[in-house]
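Colleague: Structural data only, the sequence is not supplied:
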């Protein structure tokens with residue numbers, strides 16, 4: 001990749017460490033939410049730990065894959081912050097230099113709605129009333145433009161056995177009266193950039209059917225096409 005993000009892992013770590021040092025005094029002025037800085041710091045910690053493990057004598061095929069994943073997560077967090085808060089204006093050339101960036105690298109490129117469709121796979125992680133949602137690219141669909149700083153718009157709904165009554169459907173939980181045909185029928189929304197999400201339910205929802213559907217969402221809040229609906233019985 002020949003853009004502003006370093007090619008080497010040591011270079012990536014150095015850049016993110018530099019950013020976090022600058023953010024201690026500048027994040028609030030630049031409007032960067034504390035949660036995004038925290039996520040970037042957590043990604044950096046994970047990346048350094050996995051890289052050290054890979055470089056040690058304990059290197060395994062699994063540790064290499066995990067290292068690749070955490071470095072990709074750190075890159076995603078960094079690109080998201082840059083696109084939303086580190087463009088000029090309002091940052092000056094000196095601000096960019098402190099972040100190891102340059103003005104020439106900051107030209108905006110028009111990006112449309114996300115292409116491609118995500119696939120949802122639901123598994124049982126073993127916890128009480130807990131499901132794990134895995135978000136992957138749906139094979140055979142249009143490739144995703146990685147410049148869009150995409151995340152996943154994950155929607156879900158719950159259907160009691162036999163379908164919800166009118167009272168249940170009108171409640172705050174908006175239980176489903178019948179299985180959904182697509183994501184438009186699911187109203188509970190969560191945005192995530194993670195590939196896996198743990199979703200917990202209440203004890204009284206055990207035995208009900210949970211439905212999930214997702215579509216890609218870019219940094220401007222634009223959503224792509226729905227992927228297929230997935231379902232699982234709540235344990």
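Modeller: Okay, I see it. Note that the structure is predicted; figures quoted are calculated from it, not measured. Numbering: from 1, shown residues only.

Colleague: quick one, what contacts the residue nearest the centre of the chain?
Modeller: Closest residue to the average C-alpha location of the chain: residue 193 at 0.3 Å, with Cα atoms, centre = their mean. Neighbour list for residue 193: 73, 76, 77, 80, 150, 151, 152 [criterion: Cβ atoms under 8 Å, 6 or more residues apart in numbering]. Any C-beta I mention is one placed from the backbone N, CA and C, and that applies to glycine too.

Colleague: Mark which of those are part of strands, please.
Modeller: 151, 152 (DSSP state E).

Colleague: From the contacts of residue 193, pick the one nearest residue 115.
Modeller: In terms of Cβ to Cβ, no member of the contacts of residue 193 lies closer to residue 115 than residue 150, at 9.4 Å.

Colleague: what's the nearest residue to residue 163 if we skip its chain neighbours?
Modeller: Excluding its sequence neighbours, the residue lying closest to residue 163 (Cβ to Cβ, 6 or more residues apart in numbering) is residue 177, at 4.6 Å.

Colleague: ok, that neighbour - how many residues close by?
Modeller: By other Cβ atoms under 10 Å, 15 other residues sit near residue 177.

Colleague: That one against residue 167, yeah?
Modeller: No - with contact defined as Cβ atoms under 8 Å, residue 177 and residue 167 do not form a contacting pair (11.0 Å).

Colleague: that older thread, of the contacts of residue 193, the lowest pLDDT goes to which?
Modeller: For the contacts of residue 193, the weakest pLDDT value sits at residue 150, with 82.

Colleague: show me the contacts for that one.
Modeller: So residue 150 contacts 114, 144, 193, 216, 217, 218, 219 (Cβ under 8 Å, 6+ apart).

Colleague: elements contacting the longest helix seen in the chain?
Modeller: The longest helix of the chain (DSSP state H) is helix 61-85. With contacts defined as 3 or more Cβ pairs under 8 Å, 6 or more residues apart in numbering; DSSP states H and E, helix 61-85 has these neighbours: helix 9-26, helix 34-55.
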